[in-house]
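S.K.: Build me a structure from this.
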Amino acid sequence: MPKRLTILIAEDSPVDRMLLSTIVARQGHRVLTAADGMQAVALFEQERPQLVLMDALMPVMDGFEAARRIKQLAGDELVPIIFLTSLTENQALVGCLEAGGDDFIAKPYNPIILEAKIQAMHRLRRLQATVLAQRDLIARRNQQLLDEHRAAKAIFDKVAHAGCLNAPNIRYRQSPRALFNGDLLLAAQAPAGQMFVLLGDFTGHGLPAAIGAMPLAETFYGMAAKGHSSTDILREMNAKLKQILPVEMFCCATLLDINPLQGTLRVWNGGLPDGYLIGANGQRTPLGSRHLPLGILSAAAFDDEFEHFPLAVGDRLLLLSDGVIESRNTHDELFGERRLLALLDANSDPARLFDEIEQALLAFHGQVQDDLSLIEVSLDETLAGAPLSVPLVAHRSRPIDWSAHFELRAESLRNGNPLPLLLQLLLQVNPLRPRAGAIYTVLGELYANALEHGVLGLDSALKCDAEGFQRYYELRRERLQALAEGHIRLELSIKTHDGGGCLRIAISDSGAGFDVAHALQLQRCDQCLSGRGLHLVRQLTDGFDWQADGRGLGVEFGWAAEA
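M.R.: As a prediction, this is how the structure comes out:
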């Protein structure tokens, strides 16, 4: 049964108004009447009828002006207006539609046609009401989704930016296409003073691309804080992404392991554009992709081999995602690798390179095709300074007296890293926490010396230049993989007394030994790529001794009693 409507009839002729009212009322509708356009507008504003039958020519205000005002009052709601007219000229009929009319019916009125037009207009009203309701529902759902995304992004930013991206030697720019960024930028200071920097680019954009970023950031920061090596961190991130990501998703990434104390750089690039090591003299070394992205290969097939480079104060590291070279201008031209290389070639001051790239992208009017990330890390005196310390916990230290002995044999040396475990053990001793970075640095140097020079028999003299530097670490990897025998012994002991306490670390290996006194007498130079370890150990410790056969070293860290 047709729905009963409230219909406004605006007609200046009393006879026509009565006739039309009778027809409409007999069809079951509620009728409102007005004798001119002014009354029609006032009645519409008061009663809000669902349909209007409007005479075109009326006194006071004609139907054209009244129709325009009624449409304005209706707003988004569809209130159909059917013009009642005896006009026959085409231009006059067009004027009815231009004034806001939805249809017209000619006098004299045919009740059947009139009812058909009324029902047709009512169907249009219901259709528009459905569309508006769906629009409002979509708007509410969209706002709810945006609110959820903003809340998730606030959490994401706290996790992803929990490291040292605000360090004075780091500059970066990120331009996400969506609220979430498929690019991920992480930086952390390790206990021994290294800086780990990760630039990742997940497939896709927005929230789907950011899903893998949370576990990746948690793994990165958690393992870095505990003193794990960059190799261990890399393997764990790959294993986690392989486990949680769907087959079609992965993460192109570059991981930098910057060790300013040793003057070394380790680089792993899986699928990102070339990064660059730029020397203080402007010499440029590409940091190219050598591996598949994270999350593709299983743990057994994953290649964790890093490239090794010497690093000096004044050097700069530049990393970028493919969004930089894939930026497009208004002519749909790519920024491209050629423009980037031209900028690098033309640069005369490495300190201004980051600004020049930013200005070039801005001048290019890039419309970002992908998430865009650009990061520069400079090696300055601050980064090359002392290792970090760990804050004291709230309790007072108690008398402690214990020792622990560890022996690592061939299989453990090939596959394990005892240093994070040892550091966590030593951090339970509250007075040692302020010197945690120095202790970890010394542990790392002693362990590397015992493994590389003692067990593996490597000669630091290989590191005479950049090529020798790379060859040294290639030999290290080859000999470690082939290691069948050999051992390293570690002894930790803690003793306290009324005046304070002392940590002693002793390490020995199964190697041939070396002349420690002679090694310490050699003059250390800033340009040398080797021979820094023992000098650093002696500088950071309170006591340093060695066995006569050169197969064992011992160090001490002391502390004073709390006041």
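S.K.: what stretches of the stretch 51-200 of the chain score poorly on pLDDT?
M.R.: In the predicted model, the stretch 51-200 of the chain carries pLDDT under 70 at residues 87-93, 156-157, 159-162, 176-181.
S.K.: For it, just list every one of the strands.
M.R.: In the stretch 51-200 of the chain, the strands defined using DSSP state E, counting those that start in this stretch lie at 51-55, 81-85, 103-106, 170-175, 183-189, 195-202.
S.K.: so which of those gets nearest residue 34?
M.R.: Residue 34 sits nearest to strand 51-55 of all the strands of the stretch 51-200 of the chain, at 9.2 Å, using C-beta to C-beta. All C-beta atoms are positioned from the backbone trio N, CA, C, and that covers glycine.
S.K.: rewinding a little: with distance to residue 320 as extra columns, can I get the strands of the stretch 51-200 of the chain in TSV?
M.R.: Shown next, in TSV, are the strands of the stretch 51-200 of the chain (distance: least, C-beta to C-beta, whole Å):
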stretch	distance to residue 320
strand 51-55	62
strand 81-85	60
strand 103-106	61
strand 170-175	10
strand 183-189	10
strand 195-202	8
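S.K.: average pLDDT across stretch 250-264?
M.R.: Mean pLDDT, stretch 250-264: 91.
S.K.: Compute the first-to-last residue distance for that stretch.
M.R.: Stretch 250-264 has an end-to-end distance of 29 Å (C-alpha to C-alpha, to the nearest Å).
S.K.: same thing with stretch 457-475?
M.R.: 10 Å.
S.K.: Could you list the buried residues of stretch 475-483?
M.R.: Residues of stretch 475-483 classed as buried: 475, 476, 480, 483 (neighbour count, 16 or more other C-beta atoms under 10 Å).
S.K.: Could you name the helices and strands sitting against the longest helix along the chain?
M.R.: In the chain, with assignment by DSSP state H, the single longest helix is helix 111-160. Helices and strands touching helix 111-160, by 3 or more C-beta pairs under 8 Å, 6 or more residues apart in numbering; DSSP states H and E, are helix 14-26, strand 51-55, strand 81-85, strand 103-106, strand 183-189, helix 206-210, helix 213-225.
S.K.: Tell me the gap between the first one and the middle of its chain.
M.R.: What it means is helix 14-26. 70 Å (C-alpha atoms, centre = their mean, to the nearest Å).
S.K.: any residues touching that helix, and which ones?
M.R.: For helix 14-26, contacts defined as C-beta atoms under 8 Å, 6 or more residues apart in numbering pick out 7, 9, 11, 31, 33, 35, 53, 55, 84, 107, 109, 111, 114, 118.
S.K.: buried sites along that helix?
M.R.: 16, 17, 20, 21, 23, 24.
S.K.: Could you measure from the second one over to residue 137?
M.R.: As for residue 17, its distance to residue 137 is 41 Å (criterion: C-beta to C-beta, to the nearest Å).
S.K.: Can you show me the strands along the stretch 301-450 of the chain?
M.R.: Secondary structure of the stretch 301-450 of the chain (DSSP E, counting those that start in this stretch): strands at 307-310, 316-320, 372-378, 401-409.
S.K.: Quick check: closest non-adjacent residue to the residue most central in space within the chain.
M.R.: Nearest residue to the geometric centre of the chain (C-alpha atoms, centre = their mean): residue 184, 3.1 Å. Excluding the flanking residues, the one nearest residue 184 by C-beta to C-beta, 6 or more residues apart in numbering is residue 200, at 4.0 Å.
S.K.: Distance check, the one you found against residue 442.
M.R.: Taking C-beta to C-beta, one finds residue 200 at 32 Å from residue 442.
S.K.: Compare the two and say which is more crowded by neighbours.
M.R.: residue 200 (31 against 26; other C-beta atoms under 10 Å).
S.K.: Let me know whether the more buried one touches residue 183 as I believe.
M.R.: Yes - counting by C-beta atoms under 8 Å, residue 200 touches residue 183, with 6.9 Å between them.
S.K.: end-to-end on stretch 330-340?
M.R.: End-to-end span of stretch 330-340 (C-alpha to C-alpha): 19 Å.
S.K.: Let me see the mean pLDDT of that stretch.
M.R.: For stretch 330-340, the mean per-residue pLDDT is 86.
S.K.: One more: stretch 215-226?
M.R.: 89.
S.K.: which outside residues touch that stretch?
M.R.: Contact with stretch 215-226 is made by 159-160, 162-163, 184, 186, 188-191, 196, 198, 200, 232-233, 236-237, 240-241, 244, 251, 294, 420, 423-424, as judged by C-beta under 8 Å, 6+ apart.
S.K.: can you give me the helices for the stretch 351-500 of the chain?
M.R.: With helices called from DSSP state H, counting those that start in this stretch, the stretch 351-500 of the chain shows them at 353-363, 410-415, 419-426, 436-448, 466-482.
S.K.: Output the ones you listed in CSV, with distance to residue 308 and mean pLDDT appended to each entry.
M.R.: Listed next are the helices of the stretch 351-500 of the chain as CSV, based on distance: least, C-beta to C-beta, whole Å; pLDDT from 0 to 100:
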stretch, distance to residue 308, mean pLDDT
helix 353-363, 23, 88
helix 410-415, 19, 89
helix 419-426, 19, 85
helix 436-448, 13, 88
helix 466-482, 4, 87
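S.K.: can you tell which of those is closest to residue 259?
M.R.: Among those, the nearest to residue 259 by C-beta to C-beta is helix 436-448 (9.1 Å).
S.K.: Could you figure out how far the closest one is turned away from strand 401-409?
M.R.: Angle of helix 436-448 versus strand 401-409, following axes from the mean of the first three to the mean of the last three C-alpha atoms, to 10 degrees, is 40 degrees.
S.K.: shift numbering so it begins at 8
M.R.: New numbering, starting at 8: the last item is helix 443-455.
S.K.: now helix 443-455, how far from the chain's geometric center?
M.R.: That offset, for helix 443-455, works out to 32 Å (C-alpha atoms, centre = their mean).
S.K.: Which positions within that helix qualify as buried?
M.R.: By neighbour count on 16+ other C-beta under 10 Å, the buried set for helix 443-455 is 443-455.
S.K.: One more: stretch 407-419?
M.R.: For stretch 407-419, the neighbour count (16+ other C-beta under 10 Å) marks 415, 417 as buried.
S.K.: before we move on, back to that, how about the strands of the stretch 308-457 of the chain, which one is nearest residue 469?
M.R.: Closest to residue 469 of these, according to C-beta to C-beta: strand 314-317, at 11.4 Å.
S.K.: show me what contacts the residue nearest to residue 49 when sequence neighbours are not counted?
M.R.: Closest residue in space to residue 49, ignoring its immediate chain neighbours: residue 41 at 7.9 Å, by C-beta to C-beta, 6+ apart. For residue 41, the contacting residues are 15, 16, 17, 18, 47, 49, 50, by C-beta under 8 Å, 6+ apart.
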